[in-house]
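*Asks:* Whatever this is, show me its structure:
(chains A, B, C and D)
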2 protein chains.
Amino acid sequence: MNTPTLAPAGLPIAAVERDTGLAKDTLRVWERRYGFPLPVRDSHGERVYSPEQVDKLRLIRRLIDQGLRPAKLIGLDPQALGQMLDELGGPRADDDPERTAHFQAILKFVRLHLHEDLRRTLQQSLMKTGLQQFVTGVVAPLNHVVGDAWLRGELEVAEEHLYTEQVQNILRTAISTQTSTTRERPIVMLTTFPDEQHALGLLMVEAMIAPEGACCVSLGIQTPLEDIRAAATAGRFDIIAVSFSGAYPARLAIEGLRSLRTALPETIALWAGGAGLRGAERKLPGVKVFKTLEEVPAALHAWRRDAEATLQP
Amino acid sequence: MNTPTLAPAGLPIAAVERDTGLAKDTLRVWERRYGFPLPVRDSHGERVYSPEQVDKLRLIRRLIDQGLRPAKLIGLDPQALGQMLDELGGPRADDDPERTAHFQAILKFVRLHLHEDLRRTLQQSLMKTGLQQFVTGVVAPLNHVVGDAWLRGELEVAEEHLYTEQVQNILRTAISTQTSTTRERPIVMLTTFPDEQHALGLLMVEAMIAPEGACCVSLGIQTPLEDIRAAATAGRFDIIAVSFSGAYPARLAIEGLRSLRTALPETIALWAGGAGLRGAERKLPGVKVFKTLEEVPAALHAWRRDAEATLQP
DNA sequence: CATAGTATTTGTCCTAGACAATTACGGTTC
DNA sequence: GAACCGTAATTGTCTAGGACAAATACTATG
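*Replies:* You can find the predicted model right below:
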């Protein structure tokens, strides 16, 4: 663990590991093989990475998460990397200039630390459109906008935190007002696999389900597979929903979902979604894979129809 | 990153690092120096740790967090380690058998995955005693009970998650109903230093402050020092509150708080608390160090008195 | 009892090699 | 053109043991 510091002239390898998510071993082997990053050394011969190197590593990391390979990226300059990200991000659906302006305004609140304005604006959006619309139409695209801005270095870590916290607060509050009134079936468990840290995706799913009158229980992030299985049967759950962020390796997600599917009773449905599952639908028989959050309410309705049909044959 | 698995006969070194918080390098050097843990090797010569070894490592880790040193612990058997923890945990203030029974009942709900009962019971406690009393009298001691149970292997990870999530939900909801009505000074920023993952402590502080009518803004966990400083001045904060869990090294906490104190304007107060700051009060001039959450409301009142005195000299 | 100096403990970094798992590629078949 | 297969290149993570500074414990001295 490294001393928290105010003026980081350069970062030691442990800090870079934290900031980029690239293991120390990986950083060293890249240096050996590709010649980047080539940090300077301090008086003890230990690596000291410049902020620029860390920025570039962050870009590379993000592109690798998108499926590209290190060798093709590591020689490029940061500008080219940023451009690749733009193109890969897909055709920005910015056809609505009003919405875009709205998002930029919110992003400005985040940048200027105007927490009250941020909170108020989000709250107003929520009230205007309702929880589900708020999630699909505001939170989801905003996440993209904020994520991109952070990647480009336009946001500080604290600012990204501020955003995430405020959104989580609003979603949690909204969800809890929903849940207290209704306790219908299905009973849904929400969680992520180990090594998956992103709670926001989970919360968004919960926000899509709660208004439908279903009973949601979130185990939070990073639940071991065996614990999910045990809790699933012990808690009489109808549906287990697992979310994967873009940073989660698709291979592990598929593998884990498969073994979980086998281990779970057939009566319990397994739902999965998130950017980490791009194009994995057909590799996962028996698992309901969601491409977008919009599909969630329909899937819930379908579950209820099936349940009725089974009960009254 | 390791494949999530259902039947872990043994864990690879990366998984042990995740589960115990001990770095791979540390695990290898302990093996070299002390002969423990001595994992078996798979067909590729790679370490495979038994669940028992991991359990013992967890115990050792916790005791090290309490200030003990590896050499004295590593030879002991798990039973002796557990006993040390009991003694170190201090004289259990279990003088009230009714309260103890209440906590055990809640712990049972957690163990049996009775999320609804858990939620209802906590909610009732909250309603009966009020938010501040709920935090100091229920949540804080419950955290100890749950933490101990988890350490002893009586709880699964998922169960500990379930507890944390439910408590966070209840606190967040309670806080948000408080905040929406009042926006008085002081404006308080809440966060933790990098490498500090525990959000619950932060939330408990917020719950102590919000009913006093102050304006709380949580940046969430792991904010870099420089970002705290920048956000502090940009957001016109009166107080910066930082929380440290028991696992956070006291040295780093002190060091970080000192440099933050120097970097902040004198008009901004710096508050700190949590198990990570045991006996560090006098090493931190200019920083208000909290031993317990009970002190928080009084400190707020004191701040307001001072503020009035300054404004009307 | 405090304080300064010395010895021990301890975590993290270093180098450099190895290898399995993954991905890319070229050829073949339907 | 799409799906499959075997081979080649790529890539992350593990291995070993050495080194050293920071943190802690111990000891002598005021």
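
*Asks:* Next, the residue of the stretch 201-313 of chain A found nearest DNA strand D: phi, psi?
*Replies:* Here the residue of the stretch 201-313 of chain A nearest DNA strand D is A:Pro249; by CB to the nearest atom of the strand that distance is 8.7 Å. C-beta here means a position set from N, CA and C on the backbone, and glycine is covered the same way. Main-chain torsions, A:Pro249, degrees, to the nearest 10: phi -60, psi 130.

*Asks:* Please identify the buried residues of the top helix by length along chain A?
*Replies:* Ranked by number of residues, the top helix in chain A under DSSP state H is helix A:157-179. Neighbour-count burial for helix A:157-179, counted by 16 or more other CB atoms under 10 Å in any protein chain shown, picks out A:157-176, A:178-179.

*Asks:* same thing with stretch A:99-119?
*Replies:* A:His102, A:Phe103, A:Ile106, A:Leu107, A:Phe109, A:Val110, A:Arg111, A:His113, A:Leu114, A:His115, A:Leu118, A:Arg119.

*Asks:* quick one: low-confidence ranges for chain A?
*Replies:* A:1-8, A:89-95, A:179-183, A:279, A:312-313 (pLDDT under 70).

*Asks:* can I see the domain layout of it?
*Replies:* A:13-83, A:97-175, A:182-311 (automatic domain parsing).

*Asks:* Endpoints of the second one, how far apart?
*Replies:* What that stands for is domain A:97-175. 30 Å (CA to CA, to the nearest Å).

*Asks:* Around DNA strand C, which positions in chain A sit nearby?
*Replies:* A:1-2, A:12-14, A:24-25, A:28-29, A:32, A:45-47, A:69, A:251 (CB under 7 Å from any atom of the strand).

*Asks:* By neighbour count, which of the residues you listed wins?
*Replies:* A:Arg47 (21 neighbours; other CB atoms under 10 Å in any protein chain shown).

*Asks:* Up against DNA strand D, what does chain A have?
*Replies:* Taking CB under 7 Å from any atom of the strand, the part of chain A that reaches DNA strand D is made up of A:Ala23, A:Asp25, A:Thr26, A:Val29, A:Trp30, A:Arg33, A:His44, A:Ile64, A:Arg69, A:Pro70, A:Ala71, A:Lys72.

*Asks:* what would the residues you listed look like in TSV with secondary structure and distance to A:Pro97?
*Replies:* Below are the residues of chain A next to DNA strand D laid out as TSV (DSSP: H, G, I helix; E, B strand; the rest coil; distance: CB to CB, whole Å):
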residue	secondary structure	distance to A:Pro97
A:Ala23	coil	43
A:Asp25	helix	47
A:Thr26	helix	42
A:Val29	helix	46
A:Trp30	helix	42
A:Arg33	helix	46
A:His44	coil	55
A:Ile64	helix	33
A:Arg69	coil	37
A:Pro70	helix	38
A:Ala71	helix	40
A:Lys72	helix	35
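
*Asks:* From those, list just the buried residues.
*Replies:* Buried members of the residues of chain A next to DNA strand D, counted by 16+ other CB under 10 Å: A:Trp30, A:Pro70.

*Asks:* Report the entries of the residues of chain A next to DNA strand D that also contact chain B.
*Replies:* Among the residues of chain A next to DNA strand D, no residue sits close to chain B (CB under 8 Å from any CB of the partner chain).

*Asks:* of the residues of chain A next to DNA strand D, closest to DNA strand C?
*Replies:* Of all these, DNA strand C sits closest to A:Arg69, with 5.2 Å by CB to the nearest atom of the strand.

*Asks:* Show me the strands in chain A, by range?
*Replies:* A:40-41, A:47-48, A:184-191, A:214-218, A:239-243, A:269-273, A:287-290 (DSSP state E).

*Asks:* Might one say that A:Pro297 is in contact with A:Gln133?
*Replies:* No. At 11.0 Å, A:Pro297 and A:Gln133 do not qualify as touching, with contact defined as CB atoms under 8 Å.

*Asks:* which ones are touching the closest residue to A:Leu68 other than its chain neighbours?
*Replies:* In space, A:Leu68 comes closest to A:Met84 once its chain neighbours are excluded; the distance is 7.5 Å by CB to CB, 6 or more residues apart in numbering or on different chains. Contact partners of A:Met84, counting by CB atoms under 8 Å, 6 or more residues apart in numbering or on different chains, are A:Leu63, A:Leu68, A:Leu73, A:Leu76.

*Asks:* can you give me the helices in chain A?
*Replies:* Secondary structure of chain A (DSSP H): helices located at A:13-20, A:24-34, A:51-65, A:70-73, A:78-88, A:97-111, A:115-129, A:131-134, A:140-151, A:157-179, A:200-209, A:225-234, A:250-263, A:295-311.

*Asks:* Kindly export the fifth one (C-alpha atoms) in PDB.
*Replies:* It stands for helix A:78-88. Output in PDB follows, covering the C-alpha atoms of helix A:78-88 (Å, rounded to 0.1, in the frame of the first residue of the first chain):
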ATOM      1  CA  PRO A  78      -2.700   8.700 -27.000                       C
ATOM      2  CA  GLN A  79      -4.500  10.700 -29.700                       C
ATOM      3  CA  ALA A  80      -4.800   7.800 -32.000                       C
ATOM      4  CA  LEU A  81      -6.000   5.700 -29.100                       C
ATOM      5  CA  GLY A  82      -8.600   8.200 -28.200                       C
ATOM      6  CA  GLN A  83      -9.800   8.200 -31.700                       C
ATOM      7  CA  MET A  84     -10.100   4.400 -31.800                       C
ATOM      8  CA  LEU A  85     -12.200   4.600 -28.700                       C
ATOM      9  CA  ASP A  86     -14.500   7.100 -30.400                       C
ATOM     10  CA  GLU A  87     -15.000   4.800 -33.400                       C
ATOM     11  CA  LEU A  88     -15.400   1.700 -31.300                       C
END
